[in-house]
Structures are given as structure tokens and as C-alpha cells.
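Visitor: Okay, sequence plus prediction incoming.
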Amino acid sequence: MDIGIFGLGQCGKTTIFSLLTGVSTENEVHRNESVHGIAKIYDERVVELSKIFNPKKTIFANLSFIDIPAFDLSLNSKEKNKIFQFIQNSDAILMILRGFSDDSVAWAEGTGNVLDQFELIKSEFLIRDIEVVENRIARLEENKKKKKPTKEEEREEELLRDISVAFESEKYISQMGLDGKDLKILGSLALFTAKPIIVVTNLDEDEFTDKNYPKRGELIEKVRGNGFSFIEICGKMEKEISNLDEEDKKMFMEDLGINETGIERLSKVVYEHIGLISFLTVGEDEVRAWTIEKDLTAKEAAGKIHSDLEKHFIKAEKIAYDEFMKYKNMSEAKKEGAVKIVGKDEIVYDGDILHIRANA
């Protein structure tokens, strides 16, 4: 799964990408290509389990991020379409809004605060999708003159017409409550307004500490009204934290009254908003968090480890992390009956510790 990081010029988008992934693109000021990077999803449960099992390897879950070139109203159609292509190929969108004050850095054209940027980006996504939906309806209508439509094509047209009505009131597809089957029908169109969106305001230190900056209240109301996720961070502060050693980092964060960095919080918010959870595997060789979608079964989760485990699945041993931490010893947990033997249809929940049994 790829999360596209998108924003207007001078919003601090690439700084946040670099902090998330460790990939530096600071010297690429006029970059017009996307850059990929992998971000670790920090998980205290993995840390605590590693203290218990002392494994050879500790592996956190991760997510793939794409730093998309900055969007500018002055771009020509070809340049805009190229940027839209990067968004189209993303499974979710991290929308970065500039909130920080800096007289030496000009605001993006047509904006002067976070709300201006939000409305501009939201409108651009909507305009693009209106065009895609209208063109697809026209093609379906044309195809009906040549041959009888399939049931899926009939359902697609019905959905697209409902979406057109929703667009008239600037409603995003993500607000329409469509089920997975309907979203799959629309999948080939890669509609921006159907993608999960996380809004990030990049603030200066005073704004972040005081939780006060122009248009904040209105922005939060709009974000929540659209069903997007929201988080505030200070990119400059996060950069300072990232350059500290562990001891100084801990002291600095204690002084700020925080127990995790903004980048750690951001990665978790993204993870949760796009509907992902982690299950855990433990042992002397490795303690690891595995990324899966919500509501997967034990058999499907086994396939995330290796396709053969899903193919030859027999049973799984399962215990919730919080339950395991009462014992901090797997043998003791089994002795007390806390470890369950479950079948292929058992739903896996966030923090479940699994051991898969499969035929060789």
C-alpha cells in the first residue's frame, strides 16, 4: 500500500517525508518526479516483547510513502496531469498544509492560511473526479448502443450517477458509505475523493505548543465534516528531535511533556485511518509486527507471513498482547489456558500474537 504525500509549494511536505522515511531529498528543490520511501510504524508492544524474548531480530510494521512533487496553480495541464497520476497511483493521501509563520517563505498562490490550502486542494480533487465520472458515464452510455450492459456495468452507472449528485453538494465519495463491493466496481477509476485522506498541519513551535493559529477551528470542523483524519505537528521541532541521541531525545521530549514524537503519532494515525492493524509473531529468532487489513481471518493473516502457510493452514495459536503481558511467558500463558487454538475463520484483531500451524 502506497500513501501519497501531497501539498502546495513551501508547505514542508518533503521535510515530513524525509522524517518519516529517512530518505533525504533536500537538494531536489525543482524535482518533478516522485520519490518513494518506507516508514517504520513504531509500536511499543514490539519493544516490550523484544525485551522478553531477546530475539536476534526485531522488525516493526512499515508503510510505503510517496513524496509527490508540489502542486502549483500556475502549472500547465500536462504538468498537473503528471502530478495527478502520482496521486492516482496512491492508495491513500497525506495532505500537508502549511501553518507555520515565516516572512521569508511566500505562501502558495491563492492562499494565506491552512483553510485556504485545504479548500483549494479539496476543490482540485473534486474537479478532477467530476471530469472522470462524467467521461465514464458517457462511455457507458455509448457502449449501451452497441451491446447490452453487464450487471456490473449497470451497477457502475447507477453508482456514478449517485456520485454525480453527491458532487453537486461537494460531497466526497468517502462520505457516501459505499461498501467494499461497490468500491471495487469503481476501483479502476482511481477516484481521488474515494481515497482515505489524512490532513496534517505543519506548524511552528509556538503554534504547535499553543494549539492556536489562523483558521484552526474552521479547518478542524471542515476536516471532521469530510470524514478525514487530522493531526498537527511541528516539522522544525521533529527535525531537531531526529538529530538527537536517545538520551537527549528522551530529555527533550520530557521537557515538552510528550512521550512520542509527532512523526510516530503521524505514522500511527495514517495506519489506523486507512484501516490497517498489526498482528505479532514472537520467538528467539524474531519479534515482528505484520501489517494486515482489519477483519482478516487467521488463515488470511498466515498468508501475509508466507503463501505456503495460508495454503497449508491447519490451526493457529492465538493470544492478545494485553493478555500475554499478564504472564510474560508463553509456556505459562499456555499452562493457564490463555492461549487459544483457533481455526481458519477466526478473525485476527490488532495486537494478537499468533503462531501458525501448517502442514510441511
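Guide: Yep, that arrived.

Visitor: Check the offset of the helix or strand where I185 lies from the chain's centre.
Guide: Using DSSP states H and E, I185 sits within helix 180-186. On the basis of CA atoms, centre = their mean, to the nearest Å, helix 180-186 sits 20 Å off its chain's mean C-alpha point.

Visitor: Just confirm K318 is within a strand.
Guide: Yes - counting by DSSP: H, G, I helix; E, B strand; the rest coil, K318 falls inside a strand.

Visitor: mind listing the helices for the stretch 51-200 of the chain?
Guide: Taking DSSP state H, counting those that start in this stretch as the test, the helices found in the stretch 51-200 of the chain are 77-88, 114-144, 151-168, 180-186.

Visitor: quick one: the longest one to helix 151-168, angle?
Guide: Orientation note: helix 114-144 sits at an angle of 150 degrees relative to helix 151-168 (axes from the mean of the first three to the mean of the last three CA atoms, to 10 degrees).

Visitor: Just give me how far helix 114-144 sits from the chain centre.
Guide: The answer for helix 114-144 is 22 Å, by CA atoms, centre = their mean.

Visitor: Who are the packing partners of that helix?
Guide: strand 2-7, strand 92-98, helix 151-168, helix 216-225 (3 or more CB pairs under 8 Å, 6 or more residues apart in numbering; DSSP states H and E). Glycine gets a C-beta too; all of them are placed from N, C-alpha and C.

Visitor: What of the third one?
Guide: Packed against helix 151-168, as judged by 3+ CB pairs under 8 Å, 6+ apart, are the following elements: helix 114-144, helix 180-186.

Visitor: And the last one, by the same measure?
Guide: For helix 180-186, the contact count by 3+ CB pairs under 8 Å, 6+ apart identifies helix 151-168 as packing neighbours.

Visitor: Residues in contact with the helix it packs on: which ones?
Guide: 126, 129-130, 133-134, 136-137, 140-141, 143, 149, 172-173, 175-176, 178, 182, 185-186, 193 (CB atoms under 8 Å, 6 or more residues apart in numbering).

Visitor: average pLDDT across that helix?
Guide: Helix 151-168 shows a mean pLDDT of 95.

Visitor: Ok, stretch 307-324 next?
Guide: 96.

Visitor: Check stretch 107-123 too.
Guide: Rounded mean pLDDT across stretch 107-123 is 93.

Visitor: So for it, what gets flagged as buried?
Guide: 107-108, 111, 113-122 (16 or more other CB atoms under 10 Å).

Visitor: still on that earlier bit, just the buried residues of the contacts of helix 151-168.
Guide: Buried, going by 16+ other CB under 10 Å: 126, 129, 133, 136-137, 140, 172-173, 176, 178, 182, 185-186, 193, out of the contacts of helix 151-168.

Visitor: Need these in a markdown table (columns: pLDDT).
Guide: Formatted as a markdown table, the buried ones among the contacts of helix 151-168 follow (pLDDT from 0 to 100):
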| residue | pLDDT |
| --- | --- |
| L126 | 95 |
| D129 | 95 |
| V133 | 96 |
| R136 | 96 |
| I137 | 95 |
| L140 | 94 |
| Y172 | 94 |
| I173 | 94 |
| M176 | 91 |
| L178 | 90 |
| D182 | 92 |
| I185 | 93 |
| L186 | 93 |
| T193 | 95 |
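
Visitor: Pick the one among those closest to I93.
Guide: Proximity of the buried ones among the contacts of helix 151-168 to I93 (CB to CB) peaks at T193, which lies at 10.1 Å.

Visitor: How about the contacts made by that closest one?
Guide: 125-126, 129, 167, 172-174.

Visitor: Centroid-nearest residue for this protein?
Guide: Taking CA atoms, centre = their mean, the centroid of the chain lies closest to V270, which sits 3.4 Å from it.

Visitor: could you say what helices and strands the lowest-mean-pLDDT helix or strand in the chain packs with?
Guide: In the chain, no helix or strand scores lower on mean pLDDT, DSSP states H and E than helix 246-256, which sits at a mean of 82. Here helix 246-256 touches helix 235-242, going by 3+ CB pairs under 8 Å, 6+ apart.

Visitor: How about residues contacting the helix it packs on?
Guide: So helix 235-242 is contacted by 12, 15-16, 19, 100, 202, 204-205, 208, 249, 252-253, 261-263 (CB under 8 Å, 6+ apart).

Visitor: Give me the angle between that helix and helix 246-256.
Guide: 140 degrees.

Visitor: what number of residues lie near R98?
Guide: 26 (other CB atoms under 10 Å).

Visitor: Domain boundaries for the chain, per the record?
Guide: Listed domain ranges for the chain are 2-233, 295-358 (source: automatic domain parsing).

Visitor: ranking those domains by mean pLDDT, which is last?
Guide: Looking at the domains of the chain, the bottom one is domain 2-233 with a mean of 91.

Visitor: That one: how far from the chain's middle?
Guide: Counting by CA atoms, centre = their mean, domain 2-233 comes out at 9 Å from the chain centroid.
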